[in-house]
Each structure stands twice: as structure tokens, then as C-alpha cells.
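Chemist: Using only what follows, build the 3D model:
(one chain, ligands or ions: 2)
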Amino acid sequence: LSSIHTYQPESIAERLMQGDLVALSKAITLIESTKPEYRKIGEAILALCKVAKKQAVRVGITGVPGVGKSTFIESFGLQLIASGHKVAVLAIDPSSKKSGGSILGDKTRMNALSIHPHAFIRPSSSGLTLGGVGVSTREVILLCEAAGYDRVIIETVGVGQSETTVKEMSDVFLLLMLSGAGDDLQGIKRGIMEMSDILAITKADGDNVTKAKMAAAQYKQALHLMPAHEADWLVPVLTCSAYENAGIAEIENTINDFISTSKYKGWFEENRRIQNKLWLDAAILNFLNRQMNQKQLKSEDLQKVMNGEILPHEFIAQHLS
Ligand SMILES: Nc1nc2c(ncn2[C@@H]2O[C@H](COP(=O)(O)OP(=O)(O)O)[C@@H](O)[C@H]2O)c(=O)[nH]1
Ligand SMILES: [Mg+2]
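Modeler: Residues are numbered from 1 along each chain as shown. Ligands and ions are numbered 1, 2, ... in the order given. The predicted model follows:
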């Protein structure tokens with residue numbers, strides 16, 4: 001980031017809403033900044049972008065590492081573009097603190113998509129210092145929408161709490177799974193299946209096609225035991241191959257069907273309302289975290305909390321009142 005005086009929220013917002021990629025990237029960097037003075041400019045830009053009144057379909061995608069998420073998103077993203085959409089891909093990766101960002105490796109799997117003029121790919125690097133995952137991701141989604149991206153894909157590695165975080169920002173949640181990994185649900189927690197709107201078995205190509213079909217049938221069975229979906233939607237289990245570009249258009253159609261059903265049943269709006277409340281909860285938590293981070297987290301009192309000498313509520317009373 002250059003000197004703070006070079007950032008004019010009005011001019012950045014205006015260019016962003018015209019689809020200017022430089023302005024969009026700049027706005028994202030500002031809103032993800034850990035420096036309050038920069039983040040404030042980012043927030044001012046976001047507020048100005050409300051007039052764009054654009055909304056995307058937000059597609060959350062999860063699955064264990066190696067299931068083929070990045071390769072799938074390359075193929076799926078190009079499919080969406082072929083249907084006339086503009087696609088933004090955001091990646092939430094709690095491990096990127098250690099690995100230095102696996103999205104860099106992922107970008108090589110998204111060759112055609114990453115250079116396509118109708119696509120925008122961005123890892124989420126924010127929030128790591130606060131120990132949170134994707135602290136500014138919702139804000140980034142809105143910025144992408146204002147810039148004219150009408151399909152926002154939010155990818156998460158299937159690790160830790162990140163899929164819950166992504167589910168809470170998505171209109172539709174897609175779980176990618178492997179075939180032939182036994183009936184232990186591949187370490188995929190039952191809860192993740194429960195919160196998915198669509199399941200897809202990946203790598204259904206070559207020798208794997210039959211296995212993938214069998215796995216799909218098994219998962220369909222397993223889904224019968226899950227609680228009913230909020231939108232009275234029967235969660236479908238599809239198969240696809242990103243290599244052969246097979247089943248990708250079906251997934252796009254199924255997502256569109258789900259969105260129509262979800263809107264018709266009133267779940268789409270209700271879900272967004274619930275998500276906005278969760279957004280406020282997260283924003284309050286982040287706000288308080290930042291206050292703490294700046295002022296007290298290095299204080300001796302923190303050590304005392306860690307040593308069990310001061311209780312958390314005593315710490316708060318001393319530092320946040
Ligand atoms: N046979 C086959 N392999 C695939 C397919 N998609 C991805 N792979 C391979 O699976 C591995 C993991 O893919 P990647 O997209 O990086 O998975 P991610 O970790 O979930 O993002 C890579 O070696 C890919 O080449 C597919 O459609 N068919
Ligand atoms: Mg990946």
C-alpha cells in the first residue's frame with residue numbers, strides 16, 4: 001500500500017463499479033488491512049458501493065484436500081463464463097499461514113480461468129493475525145458483486161471450522177467427494193454432509209466412472225437419514241470429471257434449480273437475513289479483537305490470564321470498559 005493520501009474512496013469506488021480490476025484489488029487490500037486507517041478507507045469504499053445494488057449467487061465449495069476442488073473450479077468457472085456470467089473465486093485457507101498460501105499452487109490448476117477477463121481469483125489472506133478465518137471475506141464478496149461479478153465462488157479446504165464459515169456466507173453449498181474411499185465418509189464429518197445443498201463425486205472418469213456412480217448411490221442412501229432441508233430440497237448426489245469436463249454443466253443447472261427452489265420457498269431470503277446477523281456477530285467480535293490487539297494483547301495481564309491468575313471477565317472489565 002502506498003501513502004494513505006493517495007486513496008480517494010470516491011474515485012476507487014467509481015472505478016470499481018465500472019469493473020476496474022486494479023480498483024477492485026486495491027479496495028480488497030484496503031479492507032483486509034490490519035492497519036485501521038487503511039481498513040477505514042476500504043470500509044468507506046464498500047459503503048459507496050452499496051449504490052451498485054448488485055447481487056451475486058454465492059457458491060460455497062468444500063471437500064478434503066486432493067478431492068479436486070481447484071481443478072473443478074477451473075472447469076466450473078469456465079462453464080459459468082460460457083453461460084454469460086462473470087466469476088469471482090475467493091479462497092479461504094486456514095493453513096495458508098503456515099504454507100504461505102496454497103492458492104499459489106492452486107492458481108496453476110486454474111490456468112485458463114485465472115487469465116480469463118471475466119474471472120477474478122483472490123486468496124483470502126485476512127484475519128490470520130486475529131486467529132480468525134476469513135475475517136473480511138463477506139466484505140470482499142460485496143466488493144466483487146459491486147464490480148459486476150454475478151457468481152462468487154468461495155472455496156475452502158475441508159479443514160477445521162472453515163467450512164462452517166463458508167457455509168455461513170453461501171447461498172448454495174457444494175460438497176465434493178471422492179469415490180472408493182470406503183464407507184467411513186472419508187473423514188468428512190457428518191455435519192458437513194448435513195449442511196450441504198448438493199453433493200458431487202469428483203474424478204468420475206476412466207476406470208473410476210462405475211465406482212463414482214456406486215458411491216453416488218451410497219451417499220444418496222446416507223442422505224435419507226439426514227434431517228429435512230430448510231427449502232424442502234432433496235439433496236442431489238451428482239458425479240463429475242473436471243478432466244473430461246463431464247457433469248459440470250449439470251452441476252451448474254442443479255445450482256440454478258436450487259436457487260430457484262430456495263427463493264420460491266423463502267429460504268434464500270431467510271438464509272441471507274440469518275447470515276447478515278452472523279455477519280454482525282462476527283464484525284462485533286472482530287472489532288473487539290482489534291481493540292484488544294492494539295492495546296492490551298501484549299500486556300502482562302494477558303500472561304496472567306494464561307497463567308490462570310486473572311479470569312477472562314476480569315481482564316475484559318479492566319481493558320474494555
Ligand atoms: N482423474 C481425475 N483427476 C483429477 C480431477 N480433478 C482433479 N484431479 C487430480 O486430483 C489432484 C488434486 O486436485 P486439486 O484440484 O488440487 O484438489 P484440491 O486439493 O481439492 O484443490 C490433482 O492431482 C488433480 O490433477 C478429475 O476430474 N479427474
Ligand atoms: Mg486446492
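
Chemist: The stretch 1-150 of the chain: strands as residue ranges?
Modeler: Using DSSP state E, counting those that start in this stretch, the strands of the stretch 1-150 of the chain run over residues 57-62, 87-92, 119-124.

Chemist: Look at the closest residue to ligand 2 within the chain and say how many residues are nearby.
Modeler: The nearest approach of the chain to ligand 2 comes at residue 70, 3.4 Å away (CB to the ion). Yep, even glycine has a C-beta here, placed from its N, CA and C like the rest. Using other CB atoms under 10 Å, residue 70 has 23 other residues around it.

Chemist: That one is in contact with residue 155, isn't it?
Modeler: Yes - in this structure residue 70 lies within contact range of residue 155 using CB atoms under 8 Å: 7.4 Å.

Chemist: Please pull out the lowest mean pLDDT helix or strand from this protein.
Modeler: Ranking every helix and strand in the chain by mean pLDDT, DSSP states H and E puts helix 96-99 at the bottom, with a mean of 46.

Chemist: and stretch 38-54, which residues are buried?
Modeler: Using 16 or more other CB atoms under 10 Å as the test for burial, stretch 38-54 gives 38, 39, 41, 42, 43, 44, 45, 46, 48, 49, 52, 54.

Chemist: how about the third one, what does it touch?
Modeler: The neighbours of residue 41, taking CB atoms under 8 Å, 6 or more residues apart in numbering as the test, are 4, 7, 9, 30.

Chemist: can you check the first one too?
Modeler: Shown in contact with residue 38 (CB under 8 Å, 6+ apart): 1, 4, 7, 29, 30.

Chemist: Which positions in the stretch 151-300 of the chain make contact with ligand 1?
Modeler: Proximity of the stretch 151-300 of the chain to ligand 1, by CB under 6 Å from any ligand atom, involves residues 202, 203, 205, 241, 242, 243.

Chemist: Now that we have these, which of them are buried?
Modeler: 202, 203, 205, 241, 242.

Chemist: Residue 163 belongs to a strand, doesn't it?
Modeler: No - going by DSSP: H, G, I helix; E, B strand; the rest coil, the assignment for residue 163 is helix, not a strand.

Chemist: Could you find the closest non-adjacent residue to it?
Modeler: Nearest non-adjacent residue to residue 163, counting by CB to CB, 6 or more residues apart in numbering: residue 62, 4.4 Å away.

Chemist: mind checking how far that neighbour is from residue 273?
Modeler: 23 Å (CB to CB, to the nearest Å).

Chemist: what's the answer for residue 216, then?
Modeler: Separation of residue 216 from residue 273 (CB to CB): 33 Å.
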